[in-house]
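Participant: Fold the following for me, if possible:
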Amino acid sequence: MYLRTAPHHTMATTGLILLAAIAILVWGYRRALPYGTIGILAWLQSVVLMAPWLLFFGLFALGIYVNLAGVLLLLLVSTGIYIYLGRRLRTLGQEALMAERAAQALKADTAQSSESGDTADPSIIQPEDTVEPKVAAKADETAKMVIPAEDLVQIEGIFGIDTYFRTETIPYDQGAIFRGNLRGNPAETQARLSALLTERLEDRYRLFLVESLEKKPTVVVLPASMDPAKTTPAQWAIAGVLGIATVFTSLEAGAILQGFDLVQEFSRWTAALPFLLGLVVVLVSHEIGHWVLANRYGVRLSPPFLLPTWQIGSFGSLTRFESLLANRSVLFDIALAGPAAAGLVSLGMLITGLVLSHPGSLFQLPSTFFQGSVLVGTLAKAVLGSALQEPLVDVHPLTIFGWLGLVITALNLMPAGQLDGGRIVQAVYGRKTAGRTTVITLILLALVTLANPLALYWAAIILILQRNLERPCLDDITEPDDARAALGLLALFLALAVLMPLTPSLAGRLGIGG
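Facilitator: Next up is the predicted model:
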């Protein structure tokens, strides 16, 4: 740890952050109390997630800086506690859920028996024989039903009292919503109902198990014609054009880094070629990560639509899902695989470049350049030591490539829309939370724009192309396990550590900058 005196304005800002965090925790505790043990455990998970940051900023306000190793240790401990609390919460939640479903089943069955005057065993009665859908009594709503009547009968026939007790059918878009009570495990029920649907109507419909506005498991059936569209020849052409543009912008960025303009001195393009190759390695490793996991789960991906930019060569790429995803764990795995692969490759290049750096290396960077990232600055200090106190630092080219690779990876891990970070948040915390983090991310990027114009371009790309969430998974109820949740938090934390700059005072205390 490093002891220092924090500037007054920094301490004031940090104090406001702490007060806001404490207020959120107090508000969360009051909301959790009515839910008993389950509510308190869920609240404790929030506390555990915020604890490393509260401790970091709290000590920072007191003038004590916890270095990156200390923060990672705190994060590791909090992750372990988070996983333990998650397992306890799942166990208690399953018990409470089963009890609630049993009570609902008994209530529904009793009500049906009372209405029909039948005292037979309700377990042998099919829902379509005992429940008259409310929508069927409304001629105007029945007229809106797009699904053919004979298909609707077959679909309604798949529900059973031991899987999903249907109570109401509502027309929805080109399909239908089937309200009712879930009787079994969400994943198993969705798989069983989908198998029955395929058995009756082949591959003509898709069955989704999602959460309704009332936070109840609800079945939605849509025709297969609404599956994600395949990439058209025109879109393939656009992907090719963007790829060519990215080659040029990457060469231009490499040229600018070496002090010349590629447009004016195109004959020197070979000097910028290593920069292009380094960037290609990062982008290809990112796409390979996505492709490997997508192939494992049988998910089809669109070609990558690269995003060229003059400043750093490329912002990364946009990749669409061309298949429906089975569940949120699949969404998480595919979303994380790309940044994980690119991040590891970039980190490897960065560390190797720092180790190979020596006086006389190809590139010279101002030492203040290393103040631009908490993670990179800390690693550079650990490897280069006192060299960072000189006005200029000689570095190996791999240092630049690795650093830019980490920046590109971190930008794609922002928790917004269809970015990898947004998909991770949607997979772990659900669509509602993902929608909120998207808005918050765009607001923060708008504020950062005042200091860094690059944020404006990235915010515009998100707002125009990536702001919408991914469509629901077939089983959109079952959450990923706690290990995946912890990995997602770690990825988001590391992305923040890459993008968050060191303050001049902290950098001076660490010996970064002249």
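
Participant: Kindly export stretch 489-502 (C-alpha atoms) in CSV.
Facilitator: The C-alpha coordinates for stretch 489-502 follow below in CSV (Å, rounded to 0.1, in the frame of the first residue of the first chain):
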residue,chain,number,x,y,z
LEU,A,489,-17.8,-9.8,-12.6
LEU,A,490,-14.0,-10.5,-13.0
ALA,A,491,-14.2,-9.7,-16.7
LEU,A,492,-16.1,-6.4,-16.1
PHE,A,493,-13.6,-5.5,-13.3
LEU,A,494,-10.6,-6.1,-15.5
ALA,A,495,-12.2,-4.0,-18.3
LEU,A,496,-12.7,-1.2,-15.9
ALA,A,497,-9.1,-1.5,-14.7
VAL,A,498,-7.9,-1.2,-18.3
LEU,A,499,-10.0,1.9,-19.1
MET,A,500,-9.8,3.7,-15.8
PRO,A,501,-6.8,6.1,-15.7
LEU,A,502,-4.5,6.8,-12.8
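
Participant: and it, which residues are buried?
Facilitator: Neighbour-count burial for stretch 489-502, with 16 or more other Cβ atoms under 10 Å as criterion, is recorded at Leu489, Ala491, Leu492, Phe493, Leu494, Ala495, Ala497, Val498, Leu499, Pro501, Leu502. For the C-beta atoms, the positions are set from N, CA and C on the backbone; glycine is no exception.

Participant: What of stretch 168-175?
Facilitator: Across stretch 168-175, burial judged by 16+ other Cβ under 10 Å covers Thr169, Ile170, Pro171, Tyr172, Gly175.

Participant: Rebuild those residues as JSON lines, extending it with pLDDT and distance to Ala245.
Facilitator: Shown next, in JSON lines, are those (pLDDT from 0 to 100; distance: Cβ to Cβ, whole Å):
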{"residue": "Thr169", "pLDDT": "88", "distance to Ala245": "50"}
{"residue": "Ile170", "pLDDT": "88", "distance to Ala245": "47"}
{"residue": "Pro171", "pLDDT": "87", "distance to Ala245": "45"}
{"residue": "Tyr172", "pLDDT": "84", "distance to Ala245": "41"}
{"residue": "Gly175", "pLDDT": "88", "distance to Ala245": "40"}
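
Participant: Just the ones of the residues you listed in strands?
Facilitator: Thr169, Ile170, Pro171, Tyr172, Gly175 (DSSP state E).

Participant: rewinding a little: can you tell me which of the buried residues of stretch 489-502 lies closest to Leu325?
Facilitator: Closest approach between the buried residues of stretch 489-502 and Leu325, by Cβ to Cβ: Ala491, at 18.9 Å.

Participant: helices and strands around the host helix or strand of the closest one, which ones?
Facilitator: Using DSSP states H and E, Ala491 sits in helix 482-499. Secondary-structure packing of helix 482-499 (3 or more Cβ pairs under 8 Å, 6 or more residues apart in numbering; DSSP states H and E): helix 68-116, helix 328-356, helix 374-384, helix 397-412, helix 420-429.

Participant: 6 Å instead?
Facilitator: Judged by 3 or more Cβ pairs under 6 Å, 6 or more residues apart in numbering; DSSP states H and E, the packing partners of helix 482-499 are helix 68-116, helix 374-384, helix 397-412, helix 420-429.

Participant: Just want the angle from that helix to helix 328-356.
Facilitator: 40 degrees (axes from the mean of the first three to the mean of the last three Cα atoms, to 10 degrees).

Participant: what residues does helix 482-499 touch?
Facilitator: The contact list for helix 482-499, computed with Cβ atoms under 6 Å, 6 or more residues apart in numbering, reads Thr79, Ile83, Gly86, Phe332, Ser373, Val374, Leu375, Leu406, Ala410, Leu413, Ile424, Val428.

Participant: could you redo these as a markdown table and give each row distance to Leu152 and neighbour count?
Facilitator: Converted to a markdown table, these look like this (distance: Cβ to Cβ, whole Å; neighbours: other Cβ atoms under 10 Å):
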| residue | distance to Leu152 | neighbour count |
| --- | --- | --- |
| Thr79 | 48 | 21 |
| Ile83 | 44 | 17 |
| Gly86 | 40 | 21 |
| Phe332 | 34 | 25 |
| Ser373 | 57 | 21 |
| Val374 | 57 | 21 |
| Leu375 | 56 | 21 |
| Leu406 | 53 | 27 |
| Ala410 | 48 | 24 |
| Leu413 | 43 | 31 |
| Ile424 | 37 | 27 |
| Val428 | 35 | 25 |
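
Participant: mean confidence score for stretch 403-418?
Facilitator: For stretch 403-418, the mean per-residue pLDDT is 90.

Participant: With adjacent residues omitted, what lies nearest to the most centrally placed residue in the chain?
Facilitator: Centroid-nearest residue in the chain, with Cα atoms, centre = their mean: Ile424, separated by 2.0 Å. Spatial nearest neighbour of Ile424, excluding adjacent residues (Cβ to Cβ, 6 or more residues apart in numbering): Gly488 at 4.6 Å.

Participant: try Ala229
Facilitator: Leaving aside its sequence neighbours, Ala229 sits nearest to Glu322 (Cβ to Cβ, 6+ apart; 7.3 Å).

Participant: Then Phe315?
Facilitator: Leu307 (4.0 Å).

Participant: Please enumerate residues in contact with the strand or helix carrying that neighbour?
Facilitator: Using DSSP H and E, the element containing Leu307 is strand 305-309. Outside strand 305-309, the residues within contact range by Cβ under 6 Å, 6+ apart are Ala239, Leu242, Gly243, Ala245, Thr246, Thr249, Ser314, Phe315, Ser317, Leu318.

Participant: What is the nearest of the ones in strands among the buried residues of stretch 168-175 to Leu283?
Facilitator: Within these, the smallest distance to Leu283 is 37.9 Å, found for Gly175 (Cβ to Cβ).
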